[in-house]
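Peer 1: Based on what follows, work out the 3D shape:
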Amino acid sequence: MFALVDCNNFYVSCERVFQPQFKKKPVVVLSNNDGCVISRSDEAKALGIAMGVPEFKIRNEIMEHQIAVFSSNYALYGDLSKRVMDVLADFTPDIENYSIDEAFLNFKNTNTTNFEACGLQMKQRVQKWVGLPVCIGFAETKALSKVANKIAKKFQDRTGGVYVIDTDEKRIKALKWTKIGDVWGIGYQLVKKMKAFGIVTAYDFTKPHNVDFIIRTMGVIGKRLRAELLGQSVLELEHQPEAKKNITITRTFEKPITSLNELKERVSTFASVAAEKLRLQKSCCNAIVLYLRKDQYKAGNERYNFTKYESIPFATQSSITLSTTAVKMVEKLFEAGQTYTKAGIIISEIIPQDQKQFNLFVEENPKHEKLMKVMDDIRMKTGERKIRLGNQDLQRTWKMKQNFLSKKYTTDITELLEVKC
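Peer 2: Next comes the predicted model:
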């Protein structure tokens, strides 16, 4: 039996843990640079606040309904996510951290027989120990546990936040209720194709006469998904995420940049963070792409998006090498007098570090490897980037507009919760 545990309105719930005065009040969390709404409380949803709507478009509603607004506090969210996963691991060691607010659990090798009681116990423990509300769906497959979780969340007053699909009758009823767009792995473009073919619900997706169309449209992925919805488990837990084939770091600037040195500093920081992610998955890269965006409103009809590709003669995971390469690319693309609003780094041609081939004629400084290890060890130990490259800002990594940022209650000792007696 599989379980899918999903935290309710995760970012909003994290903010409420340390600020309970916002419980049962409309709350939204904004994306980077306080751009768009990326998390909403149930109260905000009831007011018609849409997911992804830009903040400036709902300022009147924010004032009228006194909606609490928060900037994204990823340090807090990441720490609370880890705490939730640690609690869940007490129930079964076979766990897949699917996303920051979701986890799949496999109870195959446990003695659990009453899954509804187990789910209620998990829900109560996460609420008590971490302070976050969760909903849990149980089923024989991962795809069906997604469906069960949606039912648990939709009908919390009847399910208590836990729903178990343990009979064929329940499975068929759940699939008939589930819209095709709510099926795991069916995106917007696929929904249009499915509906055009007459597949409106998850149950329609499982009908025998639709098999050829599904395989023709989705290939082996569709075949596996159909089997999962029929109750045949073909998808196992993924305990180790696959190494990324590309690593992308992009940000819109806190304010427009016109200075070459400022732009170089931002790009150098992005390249260094990309290198950290590369080392974390034990990989090296052979190429880097720089992305720059000018102010599109000032550019008028002229081109405002620019990219440049650079091949590296040896496989690397060094922040120094990638930063140096990226800065040289900036110097070639930069135009004096122009305003830039966004930049990004994409590292590609990624290979495992143990498959690195040495170049006979040019090679990276061997001291880089030891230096990167020291930098990574200090960052993992302190949780901060204490050591940086000389061309980086020593105070801030991400320069973003965060006018509504809450404290890092669990990750910064200077911002711990204060209790006044």
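
Peer 1: Low-confidence bits of the stretch 251-400 of the chain, can you list those?
Peer 2: 398 (pLDDT under 70).

Peer 1: which residues in it form strands?
Peer 2: 283-294, 305-316, 340-352 (DSSP state E, counting those that start in this stretch).

Peer 1: Using PDB, write out every CA atom in the second one.
Peer 2: Listed next in PDB are the C-alpha coordinates belonging to strand 305-316 (Å, rounded to 0.1, in the frame of the first residue of the first chain):
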ATOM      1  CA  ASN A 305      16.500  38.700 -24.900                       C
ATOM      2  CA  PHE A 306      20.100  37.600 -25.500                       C
ATOM      3  CA  THR A 307      21.900  34.200 -25.000                       C
ATOM      4  CA  LYS A 308      25.500  33.200 -25.400                       C
ATOM      5  CA  TYR A 309      26.900  29.600 -25.400                       C
ATOM      6  CA  GLU A 310      30.400  28.800 -24.300                       C
ATOM      7  CA  SER A 311      32.100  25.400 -24.400                       C
ATOM      8  CA  ILE A 312      34.600  24.500 -21.700                       C
ATOM      9  CA  PRO A 313      37.600  22.500 -22.800                       C
ATOM     10  CA  PHE A 314      37.500  20.300 -19.700                       C
ATOM     11  CA  ALA A 315      34.800  18.900 -17.500                       C
ATOM     12  CA  THR A 316      34.400  21.100 -14.400                       C
END
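
Peer 1: Paired strands for that strand, with orientation please.
Peer 2: When sheet partners are counted by DSSP bridges, strand 305-316 sits next to strand 283-294 (antiparallel).

Peer 1: list the buried ones in the partner strand?
Peer 2: Buried residues in strand 283-294, counted by 16 or more other C-beta atoms under 10 Å: 283, 284, 285, 286, 288, 289, 290, 291, 292, 293, 294. Every residue, glycine included, has its C-beta placed from N, CA and C.

Peer 1: could you dump those to a markdown table with distance to residue 198?
Peer 2: Supplementary listing: the buried residues of strand 283-294 in a markdown table, determined by distance: C-beta to C-beta, whole Å:
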| residue | distance to residue 198 |
| --- | --- |
| 283 | 44 |
| 284 | 49 |
| 285 | 46 |
| 286 | 47 |
| 288 | 47 |
| 289 | 42 |
| 290 | 47 |
| 291 | 42 |
| 292 | 46 |
| 293 | 43 |
| 294 | 47 |
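
Peer 1: for these, which one is nearest residue 332?
Peer 2: The closest of the buried residues of strand 283-294 to residue 332 turns out to be residue 290 (C-beta to C-beta; 8.9 Å).

Peer 1: hang on, the earlier thing: nearest to residue 263 among the buried residues of strand 283-294?
Peer 2: residue 292 (7.8 Å).

Peer 1: In space, what's closest to residue 155 - neighbours in sequence excluded?
Peer 2: Nearest residue to residue 155, sequence neighbours excluded (C-beta to C-beta, 6 or more residues apart in numbering): residue 163, at 7.8 Å.

Peer 1: Quick check, the one you found in contact with residue 138.
Peer 2: Yes - using C-beta atoms under 8 Å, residue 163 makes contact with residue 138 at a distance of 7.2 Å.

Peer 1: out of the two, which sits in the busier spot?
Peer 2: Applying other C-beta atoms under 10 Å to residue 163 and residue 138 shows that residue 163 carries more neighbours, namely 29 against 25.
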